[in-house]
Every structure is written in structure tokens, then in C-alpha cells.
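Undergrad: how does the following fold in three dimensions:
(4 chains)
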Protein chains: 2
Amino acid sequence: MGKRHSLAMNLDAVAQKAAVSTSTVSRVLNNLEVVKSSTRSRVLKAAEELNYHPNLHARSLARGKSRILGIIVSNMENPFFLDIYRTLESDAHARGLEVVVANTDYQSAQLVASVQLMIGLRVAGLAVIVSEMEEHLIQTVANSRIPAAFYDVGTPQKNITNIRVDYRKGTKKTVSYLSSLGHRRMAFIGHHSTLGPISERRKTFLESVHRCSSTAEAKIFAGPDGLDGGRQAARELLESGFRPTAILCVNDFMAVGVMRELREEGLQIPRDVSVTGFDNIKLAEFCSPPLTTVHIPREEIGHIIFDNVLGNGREKHDTGREIVIDPELVIRDSTGLAAKT
Amino acid sequence: MGKRHSLAMNLDAVAQKAAVSTSTVSRVLNNLEVVKSSTRSRVLKAAEELNYHPNLHARSLARGKSRILGIIVSNMENPFFLDIYRTLESDAHARGLEVVVANTDYQSAQLVASVQLMIGLRVAGLAVIVSEMEEHLIQTVANSRIPAAFYDVGTPQKNITNIRVDYRKGTKKTVSYLSSLGHRRMAFIGHHSTLGPISERRKTFLESVHRCSSTAEAKIFAGPDGLDGGRQAARELLESGFRPTAILCVNDFMAVGVMRELREEGLQIPRDVSVTGFDNIKLAEFCSPPLTTVHIPREEIGHIIFDNVLGNGREKHDTGREIVIDPELVIRDSTGLAAKT
DNA sequence: CTCTGCCATGCAAGCGCTTGCAGGATTTGC
DNA sequence: GCAAATCCTGCAAGCGCTTGCATGGCAGAG
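TA: A predicted model of the protein is given here:
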């Protein structure tokens, strides 16, 4: 019944205008060197004049694969994830791949939808940066045979690599550092989350504090994630009457929120109370006072993920491995000697 | 020559397994209500067992269109763009559309590539949030007949809407406010950029200062964009010997960087010098001191863009219009009465 | 001037899905 | 019990592109 999609501009149109076959047009557009240069330029001219843009769906379909790197990320606002994403993106572009991102917003329904999307798109590779994922879904990805790498999720699977940061170590380093400054009464401010990495930090915190000194006190507070959440949690802490000399926060955003609230309360940092963060986002360096925090090498992580998804074949497609990254403590001005009480 | 792509799992496989035709499978998967429920569940079961995921490329090809909203953005790290993006994304999801984003990093080559990608993907709608775009490229988008909206770019075109913020007004409000506090010596800190909206602010700044008082002094400084850039520009300002009582920054990030440097120099804000930003990002509320800045309603902008791209038909597809948004001054603690000199 | 061989191009099948149309099976009405 | 209406399902064409194979033309060799 002829053209159903009137406005469509396709290879045929170009072929006709250039008086060649579609195959030739295709070859020109794909830079196959078999085409005579006079023909080539004629085709190029026709395509240009018709304002032709190849239909990527048709191309992927015909080729049986797409040149797309899929990225699933739980929260783009988090500079932590954002940085990893940016690295992946630039690696992909360097390899001539397009990128499609899906944000899950920590919603498991979104995660499922995103995975469906990526598989449906038959992406060339998939990076999943989400902190938590059901075993079932991981299996789905594994079954799809799409080369994939996860950040901080579940256990390694067949042809899937899992990359994670040793949060325990980071937390331990922070606690020992604070302990060495004389702190014996500490609080941990986390957020309402059952995410693995988060509860890991919480647990390690308690253990470490008690290992450093049997008389040490440790309490845990929580608020929603983010600047506001940190502030809110700090408020609760203040109202609880507990007066720690040091506060460890689950991430830098919350730490900045916490500092804001403490300052409002008239407390000085670090004179009255020390504060630490986690991640070492840019802001940590620029807030006031600059924040002592745990640095996580996000660029490095991004590169590792990319290499494991679409690396030059060096070591990809091993039977899934686990790669563990060591975090480093960065000392700035938000921590100091414990105040005498 | 049989299956070229061995691992492919397609409709046929499901159809065979469920002992029906591909058409039926297709109808089940698309929830067409014509299928007998016993057949339906048989198909669903087969699909499930085979771990089948429809090929979205084939689907888009057959349907002649995709259910994808394309978003092109110049810099995801900028919370300003990020917020607009997030709004668009949630609007899209609410309508059952997928989203694909392309980051241009302010590189014009990337912009071209992104536009190609979106057109190639035959996206259902396109939002372009990039601050600057060649007329030629705008035309390309217009010619593609894809419903599109631009933020802050060029002139309205046929079936393309342009949305922009009245930066002049925002800058004027800031200057008059500072002027009313007695400031007569002001600096503007921008970044190295020829982007329209930026030079607009710069120019308006100079005009406004001189309009407020003929004896007022105004100078302009610049650095790279971002926290570091603000710091660097502040350094230059300090070294220049110019001692303004107020500094207007082109955006909040730069303002925070500026404040950091001033503080290091021993200056107090706002006692010694007032500082203002632009955009009113979250950080503006949490930095120290909280920043006086110009609020730009990013969510609202996001919704407007979406409505203009894929709105319920209410008013989309007008012959391109221009929508202008009014910014509001938000007064916080980084500004105060001018110091006596 | 004919023969071999290569170069540039065209032919046509196929990628996985949708969908208008047709037709067999099952109901319903009388 | 039979015709008509209804319901499901299948057939097959087509979406725009790629690509293995076939072929026409032309150059150089003899």
C-alpha cells in the first residue's frame, strides 16, 4: 500500500536521486572503499540535498547489533554516580559508540524497565551503577549475553564483572584517624536506606569504634539522603542530647548539610565537633570548612567498568570476576583534636 | 543462509514454542485485547521461559516511529541543566516514554553528532538544552519534522519553540538591589564564554551599574566555569588591586568558588564584600554564608519544554513561539550594606 | 581483435516486528 | 438444524537497511 509513513526519507529516495542502487548508497554511507569516487560524491550530494538521515533502527536491525553503550544509574544527581557516568561516556565516545542512559531513581520498577530497555535495544554493552539489584534481574542480564559490568551489586556471575569499593576499609580508616585525635564519642549519620553499601558502613562504624576503645560511645542517626537530609539528621542528633565530638557522615552531601545545621546551632567545626564525609566530591573541597572525607576514585572506576564491558578484548568476558577498589582518607579542615568535655 | 545472529531470540521462537503464529505473539505482547485468554497465557509462558525481550529496533522500524524522548544537554554536571533534564525525564516516564540523553560538553561536534543520533533514532520528540546552536543545525532539526523545543537558543522556527529566561531582568534586579545597599564599586565575574546568555549578563551588568549611579565603578573578570574557575577569577581580581564592595557572579558555582578565595584572603562576607550568584542551585542555600542569587524556575521550565514537545496537543505545533521566563531575586546572607571605604 | 580478470555496481534475501485482510471455528438466533 | 454474526488466529507484505553473490563493463594481455 505504498508509503505508510509519508515523511520518511530513506535509502531508496537517495538512491533514486543519485541514480544508483540502494546497496551503493549504503556502501557510501558506511565508507566502504569499493565505491568509485565519482559515484560516491554524487551519492553524498543527493543525501545532503534530501536532508537524509539513516534510520538507526533499521541499521541495528539489519546488522543484528547496535553501537550503543547502555548505562543504568540510580541517581544522576549524586556527583558520585555522575562522575562515573561521565567517564564511561567519554570512553564510549572515544570508541565511536553512542550512549544511552537510564535513571532509576532508586525505584526497583524503574530498574526493571531500564534493563528491559537496554536488552530491547540490544546494546553492545551495559554498565549498571545502582547499589542494589535483585538476583533475578542480574540473571536476566546475564542471560541476555550482553557484556555487562555492575558496580557494587550482588555477586559475580558468568560473563559479568562486579566492581566494588571496600567501604569497610574506608570507614575503618576514618574511625582510627578520629580516634587518634582523641575522639571517644562519635555519631554516624546515614540515610534511610537498606542498600548494602550503606548498612555496611553503618555496621563497620560501630565495630571500629568499639575496637578502638572499649569505653567509646557510638550512636547512629539518619535522615533522607542529600543536603536537607543531613541537616535534618543533625537536628535530631542535637535534640537527642547526645553530644559527640565527631560525626561521620555516610556521604559528603549529608556532611555539608550537617555542618550547616551545627553552625546554625553555634557550634564551631572542628573546634567543637569534627565532621567527616564519604566520596570526596568536588564540593567537599569547597565547603567551609573543607571537608575531611574518604576519596573514592570515580574516574578509575569508570575506566575499569568500561574496560570490562567493552575493553579491547584484553580481559573481558572472563568468567565474571570481582574487582575491589581501595578508598583513601583525605584530611582537610573539618576534623581536629577532640574537645575536652 | 539461516540464522546469522545465533543468539537472537525472536518472535518466531516464541510463536513456535507456544504453537501459534508470530502475529498472535505480537498481539499478546502489545496487549491487544483480541487474543483468547488461554492462548494469551500460553504465549506469555513461552516468552517467559525463553527469556524473550522484544527487539525495540525492529519494533520502531515496523511502527515507523519510536516512543523515545530525546534530550540534548550541554552539561549534565551543571545542576541547572540537570534539574531541567530530571523534570523532562519524569514527565516522559509519566507518559510511558523512554528517554535518551546526549551530553554535548559544549562541543559543537558533539552537538552535531547528538542531533544526528536523535534524528536517526526517529525520536518522538526532542528537547535541546544547550545555550548555543548554529542556525544551520537548528534548521536541520526543523527539517526533520520532529517536534522539538529549544531552551535559550536562536530564534523561533517553524514548529519549534524557543524558551528562554530574561537574564537582563535578573541582572538588573541584582544590581539595583546592591545599589540600594549602597554599593558603588562592583565587579562581575563571568567565565570565558561567548555564549549568548553569558555575554548578555555581562553587558547588562555594565549598563545597569552605570544607570544606577554615574560615579559607580564596574569591572569585569573571568575564569573557567565552575568552582575552581570562580576561585581563580577571584584571585585575579584580588591581584588586580580593584576592591569592589560587591561581586556579581555569573552562576552559583562560580560564586561559591569566589567566596572560598575571598575568605582565604581574610575577607568577610558580607561585611567586607557582598557576593551574588545566578541560578539558585541547591548549593546556594547550603554554602556559607548562604548565597543571594537569582532564582530560575527550572522545574517549570522543564514542564514547559515537555508540553511544547509532546504536550497533550493543547498548544503544541504552533508555528514556533518564544516563551520568556521571569527570574526572581532571592536574598540570603551573602549580601549586606556596602562597607565604608 | 578476442580472452582473462578485476572493479564497481546491482540483485535480492533477510534482520524482527506490526498490521490489514481473510478465513476457519465457534456461537447465536430463529 | 442451518444461516449469519462473532471471535480468534494466520498470512503475508512491508518498515529501511546490510551484505553475499552475481554480473556487466572495462583494461591489459596475448
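Undergrad: state the distance from the nearest residue to A:Lys17 once chain neighbours are set aside to A:Glu322.
TA: Distance criterion Cβ to Cβ, 6 or more residues apart in numbering or on different chains; nearest residue to A:Lys17, sequence neighbours excluded, is A:Ala46 at 4.1 Å. For glycine as for every other residue, the C-beta is placed from the backbone atoms N, C-alpha and C. A:Ala46 is 53 Å from A:Glu322, where distance means Cβ to Cβ, to the nearest Å.
Undergrad: before we move on, back to that, what pLDDT does the residue nearest to A:Lys17 get?
TA: With respect to pLDDT, A:Ala46 scores 93.
Undergrad: can the strand or helix carrying it be said to contact DNA strand D?
TA: Applying DSSP states H and E as the criterion places A:Ala46 in helix A:37-50. No - shown here: helix A:37-50 not in contact with DNA strand D (Cβ under 7 Å from any atom of the strand), separated by at least 9.5 Å.
Undergrad: and the next helix or strand past that helix?
TA: Downstream of helix A:37-50, the next assigned helix or strand under DSSP H and E is helix A:56-63.
Undergrad: which strands or helices does whatever helix or strand comes next after that following helix pack on?
TA: Following helix A:56-63 in sequence order, the next helix or strand is strand A:68-73 (DSSP H and E). If contacts are counted by 3 or more Cβ pairs under 8 Å, 6 or more residues apart in numbering or on different chains; DSSP states H and E, strand A:68-73 sits against helix A:79-94, strand A:98-103, helix A:108-120, strand A:125-129, helix A:298-310.
Undergrad: using TSV, lay out these together with distance to DNA strand D and mean neighbour count.
TA: As requested, the helices and strands packed on strand A:68-73 are exported to TSV (distance: least, Cβ to the nearest atom of the strand, whole Å; neighbours: other Cβ atoms under 10 Å in any protein chain shown):
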stretch	distance to DNA strand D	mean neighbour count
helix A:79-94	20	20
strand A:98-103	14	24
helix A:108-120	15	19
strand A:125-129	18	27
helix A:298-310	18	21
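Undergrad: now those in CSV, with distance to B:Glu328?
TA: Listed next are those as CSV, based on distance: least, Cβ to Cβ, whole Å:
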stretch, distance to B:Glu328
helix A:79-94, 27
strand A:98-103, 28
helix A:108-120, 33
strand A:125-129, 36
helix A:298-310, 35
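Undergrad: closest one to B:Ile160 among these?
TA: Closest approach to B:Ile160 among these (Cβ to Cβ): strand A:98-103, 23.4 Å.
Undergrad: surely A:Pro327 touches A:Thr171?
TA: No - the pair A:Pro327 / A:Thr171 is not scored as a contact, 9.0 Å apart, by Cβ atoms under 8 Å.
Undergrad: overlap in contacts, these two.
TA: A:Val294 (Cβ atoms under 8 Å, 6 or more residues apart in numbering or on different chains).
Undergrad: those two - which one has more neighbours?
TA: Set A:Pro327 next to A:Thr171 and count neighbours by other Cβ atoms under 10 Å in any protein chain shown: A:Thr171 wins out with 27 against 22.
Undergrad: any idea how far the more buried one is from A:Arg298?
TA: Per Cβ to Cβ, A:Thr171 is found 18 Å from A:Arg298.
Undergrad: show residues contacting stretch A:22-41.
TA: With Cβ under 8 Å, 6+ apart as the test, stretch A:22-41 has contacts from A:Leu11, A:Asp12, A:Val14, A:Ala15, A:Ala18, A:Val20, A:Val43, A:Leu44, A:Ala47, A:Pro54.
Undergrad: looking at those residues, state which has the most neighbours.
TA: Among the contacts of stretch A:22-41, A:Val14 has the most neighbours (other Cβ under 10 Å), with 26 neighbours.
Undergrad: need the pLDDT of it.
TA: pLDDT recorded at A:Val14 is 93.
Undergrad: which elements pack onto the host helix or strand of it?
TA: When elements are assigned from DSSP H and E, A:Val14 belongs to helix A:11-18. Counting contacts by 3+ Cβ pairs under 8 Å, 6+ apart, helix A:11-18 is packed against helix A:22-29, helix A:37-50.
Undergrad: what comes up buried for the lowest-mean-pLDDT helix or strand in chain A?
TA: Lowest mean confidence among the helices and strands of chain A (mean pLDDT, DSSP states H and E): helix A:196-212, at a mean of 81. Residues A:Gly196, A:Pro197, A:Ile198, A:Arg201, A:Arg202, A:Thr204, A:Phe205, A:Leu206, A:Ser208, A:Val209, A:Cys212 are the ones in helix A:196-212 that count as buried (16 or more other Cβ atoms under 10 Å in any protein chain shown).
Undergrad: pull the contacting residues for A:Arg86.
TA: Each residue near A:Arg86 by Cβ under 8 Å, 6+ apart is listed here: A:Gly302, B:Met76, B:Glu77, B:Asn103.
Undergrad: 6 Å instead, please
TA: Contacts for A:Arg86 (Cβ atoms under 6 Å, 6 or more residues apart in numbering or on different chains) come out as none.
Undergrad: out of the helices and strands packed on helix A:11-18, which is closest to B:Gln139?
TA: Across the helices and strands packed on helix A:11-18, closest to B:Gln139 is helix A:37-50 (Cβ to Cβ), at 13.0 Å.
Undergrad: which residues of the stretch 51-200 of chain A lie near chain B?
TA: Proximity of the stretch 51-200 of chain A to chain B (Cβ under 6 Å from any Cβ of the partner chain) is limited to residues A:51, A:53-54, A:56-58, A:60-61, A:64, A:98, A:100-101, A:117, A:119-121, A:143, A:145.
Undergrad: go again with 8 Å.
TA: Within the stretch 51-200 of chain A, the positions near chain B by Cβ under 8 Å from any Cβ of the partner chain are A:51, A:53-61, A:64-66, A:76-77, A:79, A:82, A:85-86, A:89, A:93, A:98-103, A:110, A:116-117, A:119-122, A:140, A:143-145.
Undergrad: how does chain A divide into domains?
TA: What automatic domain parsing lists as the domains of chain A is A:11-54, A:68-166+A:298-324, A:167-296.
Undergrad: measure the residue nearest to A:Lys17 to DNA strand D for me?
TA: With distances taken as Cβ to the nearest atom of the strand, to the nearest Å, A:Ala46 is found 12 Å from DNA strand D.
Undergrad: what's the pLDDT at the closest residue to A:Gly120 other than its chain neighbours?
TA: Spatial nearest neighbour of A:Gly120, excluding adjacent residues (Cβ to Cβ, 6+ apart): B:Leu56 at 3.8 Å. On pLDDT, B:Leu56 comes in at 94.
Undergrad: I'd say B:Leu56 and A:Leu117 touch.
TA: Yes - between B:Leu56 and A:Leu117 a contact is recorded at 7.4 Å, counting by Cβ under 8 Å.
Undergrad: ok so, going back, show residues contacting the helix holding A:Val14.
TA: Outside helix A:11-18, the residues that touch it by Cβ under 8 Å, 6+ apart are A:21-22, A:24-26, A:39, A:42-43, A:45-47, A:49-50, A:52, A:54.
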